[in-house]
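Provide a 3D model corresponding to the input given below.
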Amino acid sequence: MNNFSYLSTATAKDATAAVTGTKGAAFIAGGTTVLDLMKLNVENHAELVDINMVPFKGIEQTAEGLRIGALERMSDVGEHPLVVQNYPMISQALLQAASPQLRNMASIGGNLLQRTRCGYFRDVAFPCNKRQPGSGCPAQEGENRGLAILGGSKDCIATHPGDLGVALAALDAVLLLENAKGKQRRVPLVDFHVVPGSTPQRETVLEPGELIVSVTIPAAAHAKKSMYLKVRDRASYAFALASAAVGLDVQGGQIRSARVALGGVGTKPWRSLAAEKILTGAPATEATFRAAAAAAVRDAQPREQNRFKVELAQNTLVRALLELSAA
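Predicted structure coming up:
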């Protein structure tokens, strides 16, 4: 781990100025990802700018929906009554992530920015296009059991590791971003993360020095009746092999609206419009759910060790839909 300087700031203006004004500087909130990566020498920052005093807090219902400050902690959001009652999939996604200790430290914004757990990315002894562009992607023919079957490229098949982003993608969440000049912009969560293509080192649309201020999730019937199902190797402190974030509005046995996103199988939180199209207006039956699941993985490109994810993702989605429709 390299030596670095530390600066604490109380305003977004000071924080963004510090990061844009110092080569190799980075923001730190909970620190549960950046410090790990620095210890592994995957990231080497000259300065860490602490933003915990910046007023990006709050969990409140607004006219636009539920607004969550980017510096709220995962545990606080996951247990908040507004979230539990009106957006259960978000609560479930948060409380199934990491461990209680990490959830008490990790921020909402930081969680959306966490980096892949691909072993080649995290071990500097190996080449990795995400870490060193142009060096190669040994995962293509190597250890790829936990890696992506959707959204990959010849340069990278690293899986997006998070749970929260999958739930937010399903529920049409919108992020508020702020740059070093104080200018703000809104970006839908589905457009925030980017697939690797030929530039796997770029994982989001954030510009240098730009911060996540908050996330807003619209109120909807399919948000209130929603769930997050996570399948993993062990029951806690493990990343998803496959997960499904689903929301349904069912009236008289017919699906009025549906939201579907998959985790553990994509290079970004994977919203499935194809599955939603099949579900919307159809009867809430197992046959409908299986057709939607097949559509969700139609473009899958598995590698040798993760072919099982094609079936696992479908079964996870069908199970989630069946459980939710029966609730």
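
for whatever helix or strand Val77 lives in, packing partners?
Using DSSP states H and E, the element containing Val77 is helix 74-78. For helix 74-78, the elements it packs on are helix 88-95, helix 100-105, helix 108-112, judged by 3 or more CB pairs under 8 Å, 6 or more residues apart in numbering; DSSP states H and E. All C-beta spots, glycine's among them, are computed from the backbone N, C-alpha and C.

at 10 Å what do you get?
Secondary structure elements in contact with helix 74-78, counted by 3 or more CB pairs under 10 Å, 6 or more residues apart in numbering; DSSP states H and E, are strand 65-69, helix 81-86, helix 88-95, helix 100-105, helix 108-112, helix 164-170.

Just give me the longest helix of the chain.
helix 308-326 (DSSP state H).

how about that one: buried residues?
Neighbour counts over helix 308-326 (16 or more other CB atoms under 10 Å) mark 309-310, 312-314, 316-321, 324-325 as buried.

pretty sure Ala275 is touching Leu248, no?
No - applying CB atoms under 10 Å, one finds Ala275 not in contact with Leu248, separated by 11.7 Å.

quick one, which of these two is more surrounded?
Here Ala275 and Leu248 are compared on neighbour count by other CB atoms under 10 Å; more neighbours surround Ala275, at 28 against 23.

For the residue nearest to Ala313 when sequence neighbours are not counted, give the beta-bridge partners.
Excluding its sequence neighbours, the residue lying closest to Ala313 (CB to CB, 6 or more residues apart in numbering) is Ala242, at 4.5 Å. Taking DSSP bridges, one finds Val231 as the beta-bridge partners of Ala242.

wait, what's in contact with Ala242?
For Ala242, the set of contacting residues under the criterion of CB atoms under 10 Å, 6 or more residues apart in numbering consists of 149, 229-232, 262-265, 297, 308-317.

Let me see the domain layout of this structure.
Per the record, the chain has its domains at 1-55, 221-326, by automatic domain parsing.

Gly78: which of these is closest?
Gly78 lies closest, by CB to CB, to one member of the domains of the chain: domain 221-326, at 10.7 Å.

where's that closest one relative to the chain centroid, distance-wise?
In this view, domain 221-326 has its centroid 16 Å away from the chain centroid, taken as CA atoms, centre = their mean, to the nearest Å.
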